[in-house]
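Novice: Here's my sequence, what's the structure:
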Amino acid sequence: MNNNGHTPSDASSSLSQQATLSLPSPSVQNQIHELAKTLPPPRKQNIACDACRQRKVKCNQLPGQSKCQHCMVKNYPCTHHAQQATSEKKRISTVSRRPRAYTANTQQSPSTPDKPPQSTPFRYPQATFGPPVRRNTSFTDLLAYLLSPPDEVHDLNGYPQPAYRLNPWKDWGELAYKFQEEHFRLEFALDLVEVYFQVVHTRLPFLNPAHFRARLNVNVPQYASIYANSSSASGASAEETLHPALMATVVAWGAKFSEHPLLVADRLNSPTRQSSLAKMLIVRAREVAEALKVHRVPAAEHVVIALLIEPLQSQIPEDASGFRGFWLTSAIRQLFDLQINHKSVISNIQDPEARGTMIFAWWMACLSDAYGAAYYRRKPQVEDEDYDVDFYTVDPVSMDPDGQTKPDPREHLEFLGYYRAAHALARISRHMSKNLWIPTTDSDGVPVEVLRGITHQLNEWRSQYLPRVGVPTDFAAEWDFVSAVSACASDATFHIMWIILFNALDDRGIRESLGSPHGTGAGTSTALVAGSGLQQQIEELKTKVLDEALHGAMRIAGLAGVLTKNGYLRLDPAVMHVSCNYAGILLARFGRPEVQNCIEGLEQYSYSYEEAAEQAQELRRLFALARAGQTDFTHMASAVVRQQQHPHPHSSHSHTHHSPQQQHPPPPPPQVQSRVQSQGQSGMGDGMYVDAATF
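Specialist: As a prediction, the model looks like this:
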């Protein structure tokens, strides 16, 4: 027991104070990571020999034979001169274009000193010098920086104020003075690590929990017994220490959702009920990453760190402290530098753990970039032709050395099904972004053919994927909770695309109806368009988009209402954040009462995401204006008037998701609600299934 009455056994004491939700055990955490990383590498192509290539026949290589079957029968020399010449040409071209490839050596930053200075715990230095952290800084020294007092408050004469001298940590609540003890700092940080794996890891399973804990034991051997069971079971090597930026990011994530008494006191000390310490840990985690050049040096570990930092920050474009998109851009650039977008490079990564992590990181970055482009009105960084990586092959179930089987094939196939659907929707999102957020569209409007193409693609996606990955009305009682939450996320991500399309048409209009010179012909007039019957088609398209967007907003509001009622959004890293906000804005502009679900959802999000409180307040303002008759629709005003005069019952949808009798879409069935209430959280979504709002 230390001087403050805390014992090592209290390291996870605050976890019992989390909401009455049952959090995943270490074994479940490891299974989630296995499920995420076991996306197998693509199969290598069969390379034909020169004789088979010339005769255009299939080259069947026989195991143990130097010749293929065709060459043995015909007694031909089985050579590969053509393939060797092609490979050499590609290799020379690749070296000139991509000087850095994935190797084990890329996981450490160059030019780092061998040993950090051993000294007493340091205080937070002046900002001009940066954080005193190196690549091999120990966990205890890192915590001394992360949990050092906030910046000093000086009086008019330049001296520290007396209150600061008495308790430099007072801005973080009445219990923060305990940070002056190293023992308490370690217990507090280990508690946050556990919160990360129980809450955040279920959505963003980049890390192997057992490997992380084993490597953490190198820094804090006195607490090795806490993780003894999970670490020994993994068989992982614990020789390499964890990257300081990774440790700082995990600690910052844990502080966002932890119910530790110190953080509770910190929130009570704030008028906005926001934790000042949690916000400071985000800033300092970013500073550590910048100091160690995580954003500049291509390395596998740096990619993971960047992808974890991005959703940790504020996503409001006007927030100067948010750095929205910076770390995602850095991760994508490094993935290209490491050539992870090439299936041949991924196949050559020998370590299965590293290969699985890189495949997962690639798809998280790829999908987040595509969805984020649509959400935040920018062009995507990744194009369809920039990669040939696939994840549509499944290895047979194999046995681990200890005799345990890998994740269930059914769950694995379901998992791959969600990714296939997410990738298909991401391609649509890219197409939308490249056509909607460009200067000509901004000035001249959206071409009607582009609009037709987008609506057709969205309808095709709904027919092909939504019945399988959305929330069905005949929900199976035995469906696991991860699948349930993933279905909610996939459902919301599809419907938000219609809302984005509606907003684009309302802001920019349709080119042909605006009489743009880039429309149906030079100097096209609106009268000519009306005379050709095109105007009627345009109005029908506008009505279709409006109906789909309004239905999608009510659908998202229904899902958000269920998740909010069960307290799910309180312990969630922004799975439904952007969907809830976009749907709420549209419902508020229409004066629809369903907006209350979105407001309550954002208010629950505000416990961990400060910007959500401002967004909830904005929804209230828009709703009040709409109720007072003050609407702000522009190019879609004609469709809005028709909709208000003749409400559409959504009868055009034959799928069970679109019940014609329901104006307010049904929430997930009771089985979903009970599992949300009993298990609390799991799965990924709209954010890392993928929520670009978190990216």
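Novice: from here on, contacts and neighbour counts on C-alpha atoms
Specialist: OK.
Novice: Please identify the buried residues of the strand or helix carrying Leu335?
Specialist: According to DSSP states H and E, Leu335 maps onto helix 326-337. If you call a residue buried by 16 or more other CA atoms under 10 Å, then helix 326-337 has these buried ones: Trp327, Leu328, Thr329, Ser330, Ala331, Ile332, Arg333, Gln334, Leu335, Phe336, Asp337.
Novice: next SSE after that helix?
Specialist: Per DSSP H and E, the first helix or strand lying C-terminal to helix 326-337 is helix 343-347.
Novice: Now the next helix or strand after that following helix: average pLDDT?
Specialist: Counting by DSSP H and E, the next helix or strand C-terminal to helix 343-347 is helix 352-376. Mean pLDDT, computed over helix 352-376, is 92.
Novice: So which bits of the helix or strand following helix 352-376 are buried?
Specialist: Following helix 352-376 in sequence order, the next helix or strand is helix 409-436 (DSSP H and E). For helix 409-436, a neighbour-count test (16+ other CA under 10 Å) marks 412, 415-436 as buried.
Novice: Now the phi/psi pair for Leu147, please.
Specialist: Dihedral pair for Leu147: phi -110, psi 20, per degrees, to the nearest 10.
Novice: check contacts around it.
Specialist: Counting by CA atoms under 8 Å, 6 or more residues apart in numbering, Leu147 makes contact with Phe179, Arg185, Leu281.
Novice: quick one: it from Ile282, how far?
Specialist: Counting by CA to CA, to the nearest Å, the gap from Leu147 to Ile282 is 12 Å.
Novice: thinking again about what came up before, now render the contacts of Leu147 as a markdown table, adding neighbour count and pLDDT.
Specialist: Shown next, in a markdown table, are the contacts of Leu147 (neighbours: other CA atoms under 10 Å; pLDDT from 0 to 100):
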| residue | neighbour count | pLDDT |
| --- | --- | --- |
| Phe179 | 18 | 87 |
| Arg185 | 18 | 92 |
| Leu281 | 22 | 94 |
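Novice: Which of the residues you listed fall in helices?
Specialist: Arg185, Leu281 (DSSP state H).
Novice: and which of the contacts of Leu147 is nearest to Gln54?
Specialist: Nearest to Gln54 out of the contacts of Leu147 is Leu281 (CA to CA; 63.2 Å).
Novice: Ignoring the adjacent residues along the chain, who's closest to the closest one?
Specialist: Ala252 (5.2 Å; CA to CA, 6 or more residues apart in numbering).
Novice: In this structure Ala553 contacts Phe502, no?
Specialist: No. Using CA atoms under 8 Å, Ala553 makes no contact with Phe502, being 11.2 Å away.
Novice: And the two? Which one has more around it.
Specialist: Using other CA atoms under 10 Å as the criterion, Ala553 and Phe502 rank with Ala553 on top: 30 against 24.
Novice: just checking, next helix/strand downstream of the stretch of helix or strand that one belongs to?
Specialist: In this assignment (DSSP H and E), Ala553 forms part of helix 534-565. Remark: after helix 534-565, the chain's next helix or strand is helix 577-589, criterion DSSP H and E.
Novice: Give me the angle between that following helix and helix 352-376.
Specialist: Computed by axes from the mean of the first three to the mean of the last three CA atoms, to 10 degrees, the angle separating helix 577-589 from helix 352-376 equals 20 degrees.
Novice: can I get the CA coordinates of the following helix or strand past helix 577-589 in PDB?
Specialist: Per DSSP H and E, the first helix or strand lying C-terminal to helix 577-589 is helix 595-605. Extracted C-alpha coordinates of helix 595-605, given in PDB (Å, rounded to 0.1, in the frame of the first residue of the first chain):
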ATOM      1  CA  VAL A 595     -34.100  15.000 -34.400                       C
ATOM      2  CA  GLN A 596     -34.400  14.600 -30.600                       C
ATOM      3  CA  ASN A 597     -32.800  11.100 -30.900                       C
ATOM      4  CA  CYS A 598     -29.800  12.700 -32.600                       C
ATOM      5  CA  ILE A 599     -29.600  15.500 -30.100                       C
ATOM      6  CA  GLU A 600     -29.600  13.000 -27.200                       C
ATOM      7  CA  GLY A 601     -27.000  10.900 -29.000                       C
ATOM      8  CA  LEU A 602     -24.600  13.800 -29.500                       C
ATOM      9  CA  GLU A 603     -25.100  14.800 -25.900                       C
ATOM     10  CA  GLN A 604     -24.000  11.400 -24.800                       C
ATOM     11  CA  TYR A 605     -21.100  11.600 -27.100                       C
END
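Novice: Can you give the contact residues for helix 595-605?
Specialist: Contact with helix 595-605 is made by 557-558, 560-561, 563-564, 567, 569-570, 572, 574, 577, 580-581, 583-585, 587-588, 612-613, 615-617, 619-620, 623, as judged by CA under 8 Å, 6+ apart.
Novice: so for it, what's the average pLDDT?
Specialist: pLDDT averaged over helix 595-605 gives 95.
Novice: angle of that helix against helix 577-589?
Specialist: Computed by the same axes, to 10 degrees, the angle separating helix 595-605 from helix 577-589 equals 140 degrees.
Novice: Report the next helix or strand after helix 595-605 in sequence order.
Specialist: helix 610-627.
Novice: I figured Val469 was touching Ala489, is that so?
Specialist: No. Counting by CA under 8 Å, Val469 stays clear of Ala489, with 9.0 Å between them.
Novice: about what we covered before: which residues does the residue nearest to Leu281 contact?
Specialist: For Ala252, counting by CA under 8 Å, 6+ apart, the contacting residues are Leu192, Ala278, Leu281, Ile282, Ala285.
Novice: so how far is Gly173 from the second one?
Specialist: Read it as Ala278. Applying CA to CA, the value for Ala278 to Gly173 is 12 Å.
Novice: Now for the two: what residues contact both?
Specialist: By CA under 8 Å, 6+ apart, the residues touching both Ala278 and Gly173 are Leu263.
Novice: now the helix or strand hosting Thr440: mean pLDDT?
Specialist: Per DSSP H and E: Thr440 is located in helix 439-444. For helix 439-444, the mean per-residue pLDDT is 94.
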